[in-house]
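**Q** Whatever this is, show me its structure:
(one chain, ligands or ions: 2)
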Amino acid sequence: MNRVRCLVLNAALGPLDYRVPEGMAVEAGSVVECPLGPRTVIGIIWEAERLPGAEVPAEKLRPLRGILPVPPLPAPLRRLMEWTADYYVAPLASVARMALSSGGALRGPATMIEYRLTGGMPERMTPQRQAAMEALEHEQATIRELAGIAGVSEGVLRGLVNQGVLEPVEVDCDRPYDRALPDFARITLNPDQEGAAELFRAAVRARAFAPFLLDGVTGSGKTETYFEPMAEAIRDGRQVLVLLPEIALTEAFLARFAARFGTAPVLWHSSLKSTERRRAWRSIACGDAQVVVGARSALFLPFPRLGLIVIDEAHEVSFKQDDGVRYNARDVAVMRAHFEHVPVILASATPALESLAMAENGTYAKIDLPSRYGAAELPAIRTIDLTQEKPGRGAWLAEPLVAALEERLDRGEQSLLFLNRRGYAPLTLCRNCGFRFQCPNCSAWLVEHRFSQRLACHHCGHETPPPATCPECGEPDCLVACGPGVERIADEVAELLPDARTFVATSDTLNSPGRAAEFVAMVEGGAVDIIIGTQLVTKGFHFPDLTLVGVVDADLGLEGGDLRAAERTYQQIAQVAGRAGRGDKPGEVLLQTRHPDAPVIAALADGDREAFYEAETDARRFAGAPPFGRWAAIIVSSEEEDEARDAAQRIGRARPDMEELAIYGPAPAPLSLLRGRYRYRLLINARRSAQLQDIIRQWLGALDHPAGVRVAVDIDPYSFV
Ligand SMILES: Nc1ncnc2c1ncn2[C@@H]1O[C@H](COP(=O)(O)OP(=O)(O)OP(=O)(O)O)[C@@H](O)[C@H]1O
Ligand SMILES: [Zn+2]
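**A** Ligands and ions are numbered 1, 2, ... in the order given. Predicted coordinates:
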C-alpha cells in the first residue's frame, strides 16, 4: 500500500492523502515534506483510521516530496497529541507544532563554525581588542555570541580573525551532552524520604503508569527524594523529563542536579538559542538526552525511551498555557505518563485541590513528607492587622515588620519582602486633572517602572517614557504614583534602613537564566540583606540564612473575585512563608492584612492547612466548581468592537439548553480590550457527567463568523480575565 495519510502543520487544513514514491520508506510518525499547490508543507504520517478524512482517488494522489532526517514521532506521543487536541478542543496541527518545535532540528545533521583564541597577538593593539581578548579567554562560540560576551562589535572580532588572533573551528551541531552519572554523589535520605524514594524506584523499574502526589512541606527534601527514581531511570538507560514552572527556577535546580549527577541536565525553554534548541531536540529524539529539564513546552518533545516524568511545584498556575493551545501541562504530563506506561511524580507543598481529590479517590498514590529535613522547623506565622498598625502616609511597611527587619539586619540574617506587583506603582495619575495613564491597546493601567524610567503595560508590552507634563491638561510636574510595587517598597526600605543591601527580584530583573544565577550567588554569598520580590521568589529557592518573610499585602490576591483566588492566595503565602528558617536558625513570617479573620489568612496564621482545604472544598462543592464540576470558557475577540459583540451574541443565542450545563454571558471580559482586540467571554459550568468538549464542538462548529473574529475555547480555565 503506497497511499498514506498526513497531518499537515496547518490548522486550516484537514488531513491530506499522498502517494509514497518508489524507494521512500515511511511509517506512522515519519516527518515528511508534502506538496500543497505550488508549496511544500511539513506533515506527519498518521494512522489513516485515526484521522478521518475524504478519500482521494488513487490517480489524483500527489507523491510525497521527501522524508525529513529525524526519527519517526513515537506512537505514545501521537496518542498524547490526539488526546490534547480532543480534550482542549484545539486543532491537532497546532498541537503537532509544539512537538516539531525546532525547525533546525528537522533539517538533519549539521556543523557550524565557532571561533576561539589562538594565543596569537594582533599587529596593532587597541583598547577594544584588548578587552575582547581578555573577555574571550576559554570561550568558544559564533562571532555574534562572542561579540555579546565581550561587549564589542562583530567588526572588532572579524578584525581579530583576519589577524589570526581568533581561529575558526568546525563543530558538530549535535555533539552529545556529557553523561549524567546516577551514583556521582549519593546522599543518605532520612526514613520518610527513603520510604518515598523506594516506592518511586520500584515504579520506575516496573515500567507501568503510576501517578504519585508527593505532598511534602516546604524544605522537606522533595527534590532529593525524587532525584532517586531519576537515578534509577538513568541506570536503566531511560529518559527523564522534569517540568519546572519558571525559567528563573531552572538555575537553582541545575546546580543541585550537577552536584548530584556530576553534570548539567539538558535544558529546554523558550529563550534557548536556535542552535541549542536543535541540539537538544535531536538529542532527545534519538534517545541520547538522559534528563531534560524544561518549561511546559518540553512536554511534547519526542522522547523515544521515557522512563519517568517529574512535575515540580505541580500546583503552579504557570503550567497553564493561556494562548494558542490552552493546555495545562500538569494534566497533560499525567496523560503522557499514561500513554508511555511510566510513573509520574507531582511534587508540591501546597497541592492543587484537584490533585488532592485525585489522591483521595485513589487515582494518585499520595506520599507524605510531613516535616522539614534535619533540625529545621516550619516558621511561625503571625498577622499584622493593618487597621490597627497603620503605616505612615505613603508608606506600606507597618512598625512591627520594620522592627523585625531591623532585628535581622543586626543579626546578619536575611529577609524577604513579598509583594506580587512589579514596578514602582500600579497606577499613575495627574494631581491637577485626575487623568490616569492607560494602555492604548488594553483596558489596563500603565505601571510605572522607575529603574527603567518607563510606563509599561504588563499585558501587551506597550511602553512610553513618563512625560514631563500631563498629556491631558498640560500641567508640568503633576504626576503622582498610586499604590506600591516592589520598587517602591525598595525605596521605603532604603529610607528606613539605609545600610541594608536590597535586591528587587522580579521577572524584570531575573529575566534570563544568567541573571537568575547571579541573584542566587549573591544571596548565597551574603551580599544581600533584604530581597524584595514578586511570586517569582516564593518557591524553589533555598537560602539557609533567610529567617524573616514579610508579606506586604496578604489581601492582594483575594481582590478581584477570581474563582481560584482563595486557593492561589493560600498557596502563594504558604510557599513564600516556606522560604524562612530553612537552615539552623528558626524562621518567622509576618502577614500584613486588613482582614486577619478571613478564613484563608486565619488558616495560614494557625498553620492549619486542613482547615483551609476543608473550607475551600466545601465552597467548591457548593459552587459546582472543580473538582466537583467543570468550567470552560469561550473567548470571542476582534479588532472591531461591534464584530466581537455580534459574534459573542450569536454564540450566546445558539447556546445548548441542557440540564447539566449552566452558561453565563456573553459579557465584556474584565480585560475587555487586550492587545488591540475587543473581547467577550462566556463561562460554562458543567456537571462532571456532561460530555463538555463534544457539546462545545457541536455548538461552535455550527456557527460562522467574519474573518476578523477569533473564538477560543479554554477548558479548565485558570484565568478569568
Ligand atoms: N537527605 C538529605 N541529606 C542532606 N540534605 C538534605 C536531605 N534532604 C534535604 N536536604 C536539604 O534540605 C534542603 C531542603 O530540601 P529541598 O529543597 O529538596 O526541599 P523541598 O521539599 O523541595 O522544598 P520546597 O518545596 O520548599 O522547595 C536542601 O538544602 C536539601 O539539600
Ligand atoms: Zn497593553
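
**Q** which stretches of the stretch 401-550 of the chain have low pLDDT?
**A** For the stretch 401-550 of the chain, no stretch is flagged by pLDDT under 70.

**Q** Ignoring the adjacent residues along the chain, who's closest to D178?
**A** Spatial nearest neighbour of D178, chain neighbours left out: T263 (4.0 Å); criterion: C-beta to C-beta, 6 or more residues apart in numbering. Where you see a C-beta, it was placed from the backbone N, CA and C, and this is true even at glycine.

**Q** do the top strand by length along the chain and ligand 2 meet at all?
**A** Longest strand in the chain by number of residues (criterion: DSSP state E): strand 661-674. No. Counting by C-beta under 5 Å from the ion, ligand 2 has no neighbours in strand 661-674; the shortest distance is 7.2 Å.

**Q** thinking again about what came up before, do I have it right that the residue nearest to D178 meets A180?
**A** Yes. With contacts counted by C-beta atoms under 8 Å, T263 reaches A180, the gap being 5.6 Å.

**Q** residue boundaries of the strands in the stretch 201-350 of the chain?
**A** 210-216, 239-243, 266-268, 291-294, 306-312, 343-348 (DSSP state E, counting those that start in this stretch).

**Q** And the ones you listed: which comes nearest ligand 1?
**A** Closest of these to ligand 1 is strand 210-216, at 4.9 Å (criterion: C-beta to the nearest ligand atom).

**Q** where's the residue in the stretch 51-200 of the chain that ligand 2 sits nearest to, which helix or strand?
**A** Residue nearest to ligand 2 within the stretch 51-200 of the chain: S94 (24.8 Å; C-beta to the ion). Element membership for S94, per DSSP states H and E: helix 92-99.

**Q** The stretch 101-250 of the chain against ligand 1: which residues are in contact?
**A** By C-beta under 6 Å from any ligand atom, the residues of the stretch 101-250 of the chain that approach ligand 1 are 187-190, 193, 216, 218-224.

**Q** In ChimeraX, select just the buried ones from the residues you listed.
**A** Listed next is the ChimeraX selection for buried residues among these, using 16 or more other C-beta atoms under 10 Å:
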select :189,193,216,218,219,220,221,222,223,224
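
**Q** The residue in the chain that ligand 1 sits nearest to: what's it in contact with?
**A** Here the residue of the chain nearest ligand 1 is G221; by C-beta to the nearest ligand atom that distance is 2.9 Å. Counting by C-beta atoms under 8 Å, 6 or more residues apart in numbering, G221 makes contact with 189-190, 193, 369, 373.

**Q** Point out the residues in the stretch 401-550 of the chain that sit beside ligand 2.
**A** 439, 441-442, 457, 459-460, 462.

**Q** repeat that for 8 Å
**A** Within the stretch 401-550 of the chain, the positions near ligand 2 by C-beta under 8 Å from the ion are 439-442, 444, 457-462.

**Q** For ChimeraX, write a command that selects the buried ones of these.
**A** With 16+ other C-beta under 10 Å as the criterion, this ChimeraX line picks the buried residues out of these:
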select :439,441,442,444,457,458,459,460,462
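
**Q** and of the residues of the stretch 401-550 of the chain next to ligand 2, the nearest to H542?
**A** Closest approach to H542 among those (C-beta to C-beta): H458, at 28.6 Å.

**Q** quick one on the thing from earlier: sort out which residues of the longest strand of the chain are buried, please.
**A** Buried, per 16+ other C-beta under 10 Å, within strand 661-674: 661, 663, 665-666, 668-674.

**Q** That one pairs with which strands, and in what direction?
**A** Partners of strand 661-674 in the sheet, by DSSP bridges, are strand 677-687 (antiparallel).

**Q** got the buried residues for stretch 581-592?
**A** 581-583, 585, 587-592.

**Q** CA-only coordinates of stretch 224-243 in CSV, if you can.
**A** Taking C-alpha atoms only, stretch 224-243 is exported to CSV below (Å, rounded to 0.1, in the frame of the first residue of the first chain):
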residue,chain,number,x,y,z
GLU,A,224,16.5,15.0,47.0
THR,A,225,13.7,12.4,47.1
TYR,A,226,12.7,12.5,43.5
PHE,A,227,16.4,12.5,42.4
GLU,A,228,16.4,8.8,43.4
PRO,A,229,13.9,7.5,40.9
MET,A,230,15.7,9.8,38.3
ALA,A,231,18.9,8.0,39.1
GLU,A,232,17.1,4.7,38.7
ALA,A,233,15.8,5.6,35.3
ILE,A,234,19.3,6.7,34.2
ARG,A,235,20.8,3.4,35.3
ASP,A,236,18.1,1.7,33.3
GLY,A,237,19.0,3.7,30.2
ARG,A,238,15.7,5.5,30.1
GLN,A,239,15.0,9.2,29.7
VAL,A,240,13.6,11.6,32.4
LEU,A,241,11.5,14.7,31.9
VAL,A,242,11.4,17.3,34.7
LEU,A,243,8.9,20.1,34.4
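
**Q** Report pLDDT for the residue located most distally from the centre of the chain.
**A** Here the chain reaches farthest from its C-alpha mean at E123, the gap being 49.8 Å by C-alpha atoms, centre = their mean. Predicted confidence (pLDDT) for E123: 88.

**Q** From V161, how far off is it?
**A** The gap separating E123 from V161 is 14 Å, by C-beta to C-beta, to the nearest Å.

**Q** Which residue ranges of the stretch 251-400 of the chain form helices?
**A** 274-285, 329-340, 353-360, 399-411 (DSSP state H, counting those that start in this stretch).

**Q** per-residue confidence for whichever residue of the stretch 551-700 of the chain sits closest to ligand 2?
**A** Nearest residue of the stretch 551-700 of the chain to ligand 2 (C-beta to the ion) works out as R675 at 6.5 Å. Looking at R675, its pLDDT is 93.

**Q** what sits against the nearest residue to C173 once chain neighbours are set aside?
**A** With C-beta to C-beta, 6+ apart as the criterion, C173 has its nearest non-adjacent residue at 4.5 Å, and that residue is A110. With contact taken as C-beta under 8 Å, 6+ apart, A110 is in contact with 104, 173-174, 278.

**Q** if you look at these, which of them are in helices?
**A** 104, 278 (DSSP state H).

**Q** Return the member of the contacts of A110 nearest to V317.
**A** Using C-beta to C-beta, those come closest to V317 at R278, 30.5 Å.

**Q** Is A85 in a helix, a strand, or coil?
**A** helix (DSSP: H, G, I helix; E, B strand; the rest coil).

**Q** which ones are touching it?
**A** A85 neighbours (C-beta under 8 Å, 6+ apart): 91-92, 94-95, 325.

**Q** circling back: JSON lines for the strands of the stretch 201-350 of the chain, including distance to ligand 2 and mean pLDDT?
**A** Formatted as JSON lines, the strands of the stretch 201-350 of the chain follow (distance: least, C-beta to the ion, whole Å; pLDDT from 0 to 100):
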{"stretch": "strand 210-216", "distance to ligand 2": "38", "mean pLDDT": "97"}
{"stretch": "strand 239-243", "distance to ligand 2": "29", "mean pLDDT": "98"}
{"stretch": "strand 266-268", "distance to ligand 2": "29", "mean pLDDT": "94"}
{"stretch": "strand 291-294", "distance to ligand 2": "29", "mean pLDDT": "96"}
{"stretch": "strand 306-312", "distance to ligand 2": "31", "mean pLDDT": "97"}
{"stretch": "strand 343-348", "distance to ligand 2": "32", "mean pLDDT": "97"}
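
**Q** got those as a markdown table, with distance to E495 columns?
**A** Listed next are the strands of the stretch 201-350 of the chain as a markdown table, based on distance: least, C-beta to C-beta, whole Å:
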| stretch | distance to E495 |
| --- | --- |
| strand 210-216 | 40 |
| strand 239-243 | 41 |
| strand 266-268 | 40 |
| strand 291-294 | 41 |
| strand 306-312 | 38 |
| strand 343-348 | 38 |
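
**Q** looking at the ones you listed, which is closest to P72?
**A** Of the strands of the stretch 201-350 of the chain, nearest to P72 by C-beta to C-beta is strand 306-312, at 15.5 Å.
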